[in-house]
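Engineer: Return a 3D structure for these sequence lines:
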Amino acid sequence: MHAAVDLKQPALGAEPRAAVTLQWRLRGDALALWRALQALHQPGAVIGIGASLAAAVGAQVPGLRAFGRLQRGRYAMPATPLDVFALVPAHDPGQAFDNADALVQALDAHAELVESLPLFRYRRGHDLTGYLDGIENPKDDEAWATALAADGSSFVFVQRWLHLRDRFAALAPQARDEVFGRRASDDEEIAEAPESAHVKRTAQEDFDPPAFLLRRSMPWGDARRHGLQFISFTATLDPVQRQLERMMGLDDGLQDALLAHSQAETGAYYWCPPWDGQRLVLPAVSASVVPQALLPAAAPCTVRVCADGPLELSGALIIAGMPATGARLCRCGQSASKPFCDDSHERSGFRARGEVPPIDEPQVEAAPGRTRVQPIADGPLALWGPVRIVGDSGKTITCCNGPTLCRCGHSANKPFCDGAHAAAGFRAPA
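Structural biologist: As a prediction, the model looks like this:
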């Protein structure tokens, strides 16, 4: 087991005061993302790889599979499989942010960041319900025997829970204790607690064989929405799958009482590769997998503002990580295919000028290059590099570096963003 510990990712098992979890979806070339992961030197993070990415490059990872939705009666645990996961532990939120940002920048060309969730330590390791979390965690060598395969790899299950905390708090103290099967006052288990109590439904030693997990769960959220990011490391996926099925009552019909007070919103399995002291040790890819097309040749970028319609881009473009030489991007905020236009502006009656007076500002040369176009989650379109912006007639509005363009349809300074997306409640993925 000591050999496995030496080969594990350095941050695996950390018990931080703050952390960020990140989850990405592949965009573009799977081989390029795989190579980016191979090139990472991020000893301060735990990296996980989803079954879909491994399949896309033809890599063999025994035991890795996608998490499948669980449901019984009115309770469900959704499956939200993605391609890459990272747990970024830190001493404080600022350090967690910096380290997470470095990872995002390293993978941004090849993966869309779907979720970034800041986590924090509450009291002495308590859940936001007020109950101490992870009491039954294995310790020392038993922890590594639980979490690690012989080669130092591990599997991680990640599941975001939304707590219905006001409803739980409305219960009498004894009733709350019976939901958990443990007293909040002294953290002692209640022998006579109902069989539906959370502690009894998930007692690791009561499974055959025992279903031990190394948990590194942490609270998330603010005063409006909050809960627990459940994170568990295991040598195989079997223990956590059996625990989840028992919580749902799929083995004996008895459901965990905690399901009435917290709702699972996500659920995904990932494989955490071993570490060679510098980088991740990834399995070989299939020889039959070929890289996608090369990036387009450098060219000047032009954005045409169409009256009552989209933004038409031309040049050597990298749009949300995907190469292109032209695109029509939504600016009415209604497209079902954001960031791309699907002609919803015609159906919605969107109105916006196509001609804007030239802007009195220093002009730059629209030199040939590759222009990165990145939709910001719930926000504008951010462009990198010199861009010529023209009206519907082709008359130049400005030639500038890195404009930020409206895509919510609400800016009073179209085609530029003025922050109106926030007040409008605009929602769109990055």
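Engineer: per-domain residue ranges of this structure.
Structural biologist: The chain is divided into the following domains under automatic domain parsing: 2-272, 302-424.
Engineer: Tell me who's in contact with the nearest residue to residue 304 once chain neighbours are set aside.
Structural biologist: Excluding the flanking residues, the one nearest residue 304 by CB to CB, 6 or more residues apart in numbering is residue 312, at 4.2 Å. Using the backbone N, CA and C atoms, a C-beta is placed for each residue, glycine as well. Shown in contact with residue 312 (CB atoms under 8 Å, 6 or more residues apart in numbering): 303-304, 306, 326-329.
Engineer: what are the pairing partners of the helix or strand encompassing residue 312, and which direction each?
Structural biologist: Here residue 312 sits within strand 311-319, counting by DSSP states H and E. Within its sheet, strand 311-319 is paired with strand 302-305 (antiparallel), strand 322-329 (antiparallel), strand 371-375 (parallel), according to DSSP bridges.
Engineer: For residue 401, list the residues it contacts.
Structural biologist: 364, 385-387.
Engineer: Output the domains of the chain in TSV, with distance to residue 283 appended to each entry.
Structural biologist: Output for the domains of the chain, formatted as TSV (distance: least, CB to CB, whole Å):
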stretch	distance to residue 283
domain 2-272	5
domain 302-424	24
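Engineer: Give the rounded mean pLDDT of stretch 43-61.
Structural biologist: Rounded to a whole number, the mean pLDDT of stretch 43-61 is 95.
Engineer: returning to that earlier point: quick check: which of the domains of the chain is nearest to residue 282?
Structural biologist: The stretch from these with the least distance to residue 282 (CB to CB) is domain 2-272; that distance is 5.5 Å.
Engineer: Kindly give the local confidence score, pLDDT, for residue 225.
Structural biologist: pLDDT recorded at residue 225 is 95.
Engineer: I'd guessed it sits against residue 160; true?
Structural biologist: No: at 10.4 Å, residue 225 does not count as touching residue 160 under the criterion of CB atoms under 8 Å.
Engineer: Settle it for me: which of these two has more neighbours?
Structural biologist: Per other CB atoms under 10 Å, whichever of residue 225 and residue 160 has more neighbours is residue 160, with 23 against 11.
Engineer: Spit out the contact partners of the closest residue to the more buried one other than its chain neighbours.
Structural biologist: If the residues on either side of it in the chain are set aside, residue 160 comes closest to residue 266, at 4.4 Å by CB to CB, 6+ apart. Counting by CB under 8 Å, 6+ apart, residue 266 touches 78, 80, 115, 158-160.
Engineer: As TSV, the residues you listed with distance to residue 33 and pLDDT would be great.
Structural biologist: Formatted as TSV, the contacts of residue 266 follow (distance: CB to CB, whole Å; pLDDT from 0 to 100):
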residue	distance to residue 33	pLDDT
78	24	95
80	19	96
115	17	95
158	19	98
159	24	98
160	23	97
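Engineer: which stretches of the stretch 1-150 of the chain form strands?
Structural biologist: Using DSSP state E, counting those that start in this stretch, the strands of the stretch 1-150 of the chain run over residues 18-26, 46-49, 70-72, 75-77, 84-90, 111-120.
Engineer: which residues are contacting the second one?
Structural biologist: The reference is to strand 46-49. With contacts defined as CB under 8 Å, 6+ apart, strand 46-49 is touched by 9, 11-12, 37, 40, 61, 64, 83-89, 156, 158, 270-273, 280, 282.
Engineer: The same query, at a cut-off of 6 Å, please.
Structural biologist: Here strand 46-49 makes contact (CB atoms under 6 Å, 6 or more residues apart in numbering) with 9, 11-12, 85-87, 156, 270-272.
Engineer: And it, what's buried?
Structural biologist: Buried residues in strand 46-49, counted by 16 or more other CB atoms under 10 Å: 46-49.
Engineer: Can you pick out the most distant pair from those residues?
Structural biologist: Farthest pair in the buried residues of strand 46-49 (CB to CB) is 46 and 49. Separation: 11.3 Å.
Engineer: Assumed residue 230 was part of a strand.
Structural biologist: Yes: looking at residue 230 with DSSP: H, G, I helix; E, B strand; the rest coil, it is inside a strand.
Engineer: Setting the sequence-adjacent residues aside, check what's closest to it.
Structural biologist: Using CB to CB, 6+ apart, the nearest residue to residue 230 is residue 159, at 4.3 Å.
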